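K.L.:
how would this look folded up:
(2 chains)
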Amino acid sequence: MEPRKYLIARRLFFWLFFIMFVVFTPAVVFYSLGYKLDLKTKKFLKTGIISIKTFPKGVDVYLDGKKHREASPCIIREAMPNEYVVTLEKNGFYTYSVPIEVKPSIVSDIDVILVPEMRNVEKLKFNFNVYRFFFNKHFFGDKIVIFTDKGVYFLDSDFKGIEKISSKDFGADVASAIVDLKESNNRLMFYSDKNVWFLEFPQDRSSKEKDVMPVYKADEFIKDAFFGIRDRYLVIQDGLKVIAMDIQNPAVVFPIFQLRSINSKVFYDNRAEILYIRDKVMPAGTFSFFRIELMPLINEKREKEATIFNLGT
Amino acid sequence: MDGPYRFKRLLEIIPGFLSWFIILFLLVLFMVKPLSAAIVMIVYLLYWVCRLLYMSILLVMAHQRVLSKRNVDWLGKCRDVQSDIGLNDVLHVVLYTTYKEPNEVLEGSLNSLKEVDFPRQQIVVVLAGEAREAYSDLKLDAIKKQYKEYFKDVIVTIHPNKIEGEIPAKGANATYAARQVKEYLLNRGLKLENVIISCFDADTCSDKNYFSCLTYNFLSIPKRHKVSFQPFPVYSNNIYTAPAFARVIEIGSTFWQLIESMRYEKFITFSSHSMSFKTLDEVGYWPVDLISDDSLIFWKCFIKYDGDYRTLALDVPVYMDIAVGKSFWETVKVQYKQKRRWAWGVENFVFLGLEFSKNRNIPLYIKFSRLFQTLDNHINWATWTIVISLITPLVLLWGRLIMKNSLVMFNLSYINTITFNSLSFILILCVIISYEFLPPRPKGVSRLIYVSFVLQWALIPLISATLGSLPALDAQTRLMLGKYLYFNTTPKARKESNAI
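P.N.:
Here you go, the predicted structure:
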């Protein structure tokens, strides 16, 4: 090509891009501000947009029942200010409908996770009659404790591993009545409103299985129980009493606190060895909050027991 | 302070002031009215999308123009051309300015000159050294002995140190050498109007066809004394050993020259160039007290001939070194300083403002157009990567965190994506075109280096944010504050291999 032809070509392109810039820039700025030319009224109308993100992607989007041309994630542009219903549909997931208000020059966001329809239900491959289960968070992987007609088992959360920890069959009625279960150092403690049971489970398969021990029977009704005092005791809220029971000698029971209301609540922090109590204050009749450091209390009571024992002998 | 001094200072302040105004205006606007800042950004990004696409089309056209001339028999055309002077009447003076370059750099350039297809007995080589370099006379005399037999003559000149009115710069050395050459030519009864002088950096290696192409154009154009001849520089002498980021920057420089070469009426000289010796003598040689001698010589001619002067783009390259240091960080430093020196070309604006004010013969619209062109180039250079790489992401981040429901912010992000997609398209174009300018792979360099030649373009965002606008902004700020830059010679050294 001769220089003159290059010059003409260059000038053509220059004017092309110049016109593109001059024409498109105001259009893009107006568009960015949300303006839309309504051909019917020949007026500029201010619009908004709906931004739709979903997990998983590829969800069909319906705006007031009319299918949008793009699946999610997508943007519905030039939406006139109004209230709409956005419906999200995908095979294998529950349909999700949400009302949304479109405002001028504003991006209305929809960001949802669709819930799958329950189809691939995994059944425990063993033929147990499962009475009750407790989910037990554990550093080395979560475990589920299941009470069955064949005994008590540790089950991996992915159902792949199962380990028997006791052969005892509690029966459907008793097992169903178990309120809570707690674990500490290969030991399980669980309770109903009538009883507390304790189980030390083997650390490996070669160890001999130990029996489940009922360690405490309620005088009134058991409301809560905790491992406590260096994990040697169980701290139990029984009716209006809070007592500490030595796990190794269940006969050794110390009264710790006398509650004034059956609506009182206790919590034992076994890291700090502190008992927190919400209890009624008399004669006001209102509830207050208390804390008891148990270690000094236990030591004091033990010394008294020892003195009485020495005097007795 | 007198009037002319104030006017000069005003011209020195304008580019830096405008660049800083653009950057600070956008930052303040962003802090005060983020939505307005977002709209300005949208306009700015659209402007750059259009500009970059236009520039990439110019690059493709320039590339096509160069390719179409690749197999031309320039020497044959020189013999056939109808002209008032013949091929044998033309004498080439090839002037190499040198300061502290190792011998092998200059030898490489002279070896390439030995290989040109033009009759070497019509070439006089000038080795222009500096007295401030110890033993430069001995060094250049040794090179002269080595190469004298290949050319009509080899002349050594040593530019004395600290001549009054001069700054230590390439222009002062070249001017001193050219004045010596004038005496040499006149003493031998040679006509200055038949002499073409090429002012080369020490590392400039000529293409085989360079002098025949130059001669053909010199002989064939009507106003040969009112034209500078500009080859396109290809920074490839050490491309297989230079670090990737330095390669990208210098290939970018080649592309910029190719793009500029398509703007025929606004094209000016850069780095190594050629022109009529008669013209050079008439305009009083290169400026001796300014740094940008390569472009200022064009403007001196432009003003001397009342605007009747132009630069002709030659379709043959000269090959030069990529500026590198001894280590990675030194290369970054060297590149930064080199680009800042190039950006010091903003002094052209001051020179033009002063000279145009004295010239009554150049039409006002041409004066305005050329001043605007110079200012536009330099202000865009100093601002665009700062705006695109730093301020736009800042506004986008603000929009994402604080104003995520704003439609303008949302659309700014969308347009920013379009801008970067356009850049990706241009990058692919760059990768393809850059392959055309690669010299043969030396022995001992693995083929895997070609992978790095493709991947290197991913460095563009990082390079843009660091070495893009900052050197230019630095140069303009110095000029604005009156803290003038002095000539830094770019180290020219060939390394075994440090390519990545």
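K.L.:
model confidence at the residue in the stretch 151-300 of chain B positioned nearest to chain A, what's the number?
P.N.:
Here the residue of the stretch 151-300 of chain B nearest chain A is B:M262; by CB to the nearest CB that distance is 5.6 Å. Placement of C-beta: from N, CA and C, glycine included. Listed pLDDT for B:M262 reads 89.
K.L.:
one more: A:F309?
P.N.:
58.
K.L.:
quick revisit: run a quick neighbour tally on the nearest residue to the residue of the stretch 151-300 of chain B closest to chain A once chain neighbours are set aside.
P.N.:
Spatial nearest neighbour of B:M262, chain neighbours left out: B:L58 (4.3 Å); criterion: CB to CB, 6 or more residues apart in numbering or on different chains. B:L58 has 22 neighbouring residues, counting by other CB atoms under 10 Å in any protein chain shown.
K.L.:
just B:Y54 next, same as before
P.N.:
B:Y54 - counted by other CB under 10 Å - has 19 other residues nearby.
K.L.:
same check on B:V334?
P.N.:
By other CB under 10 Å, the residues close to B:V334 number 20.
K.L.:
and the helix or strand hosting it, average pLDDT?
P.N.:
Using DSSP states H and E, B:V334 sits in helix B:328-343. Average pLDDT, helix B:328-343: 89.
K.L.:
please identify the buried residues of that helix?
P.N.:
B:T331, B:V332, B:V334, B:Q335, B:Y336, B:K337, B:Q338, B:K339, B:R340, B:R341, B:W342, B:A343 (16 or more other CB atoms under 10 Å in any protein chain shown).
K.L.:
equivalent analysis for stretch B:98-112, please.
P.N.:
If you call a residue buried by 16+ other CB under 10 Å, then stretch B:98-112 has these buried ones: B:T98, B:Y99, B:K100, B:E101, B:V105, B:L106, B:G108, B:S109, B:L110, B:S112.
K.L.:
assign the fourth one to helix, strand or coil.
P.N.:
So that's B:E101. coil (DSSP: H, G, I helix; E, B strand; the rest coil).
K.L.:
and the next element down the chain from the helix holding B:V334?
P.N.:
By DSSP H and E, the next helix or strand past helix B:328-343 is helix B:347-358.
K.L.:
which elements pack onto that following helix?
P.N.:
helix B:3-32, helix B:293-304, helix B:364-386 (3 or more CB pairs under 8 Å, 6 or more residues apart in numbering or on different chains; DSSP states H and E).
K.L.:
which of those sits most buried?
P.N.:
helix B:293-304 (a mean of 22; mean count of other CB atoms under 10 Å in any protein chain shown).
K.L.:
now the angle from that helix to helix B:328-343?
P.N.:
For helix B:293-304 against helix B:328-343, the angle by axes from the mean of the first three to the mean of the last three CA atoms, to 10 degrees is 0 degrees.
K.L.:
what's helix B:293-304 in contact with?
P.N.:
The contact list for helix B:293-304 (CB atoms under 8 Å, 6 or more residues apart in numbering or on different chains) reads B:169-171, B:174, B:199, B:226, B:228, B:268-273, B:275, B:279-280, B:282-287, B:290, B:309, B:311, B:345, B:347-348, B:351-352, B:355-356, B:359, B:362, B:370.
K.L.:
narrow those residues to those in strands?
P.N.:
Cross-referencing those against strands under DSSP state E gives B:C199, B:S228, B:H273, B:M275, B:T311.
K.L.:
ok, the closest residue to A:P99 other than its chain neighbours - contacts?
P.N.:
Nearest residue to A:P99 in three dimensions, chain neighbours excluded: A:V85, at 5.3 Å (CB to CB, 6+ apart). Residues near A:V85 by CB under 8 Å, 6+ apart: A:L63, A:D64, A:G65, A:S97, A:V98, A:P99, A:I100.
K.L.:
columns mean pLDDT and distance to B:Q121 on top of the helices and strands packed on helix B:347-358, output as CSV?
P.N.:
Shown next, in CSV, are those (pLDDT from 0 to 100; distance: least, CB to CB, whole Å):
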stretch, mean pLDDT, distance to B:Q121
helix B:3-32, 92, 47
helix B:293-304, 94, 28
helix B:364-386, 93, 40
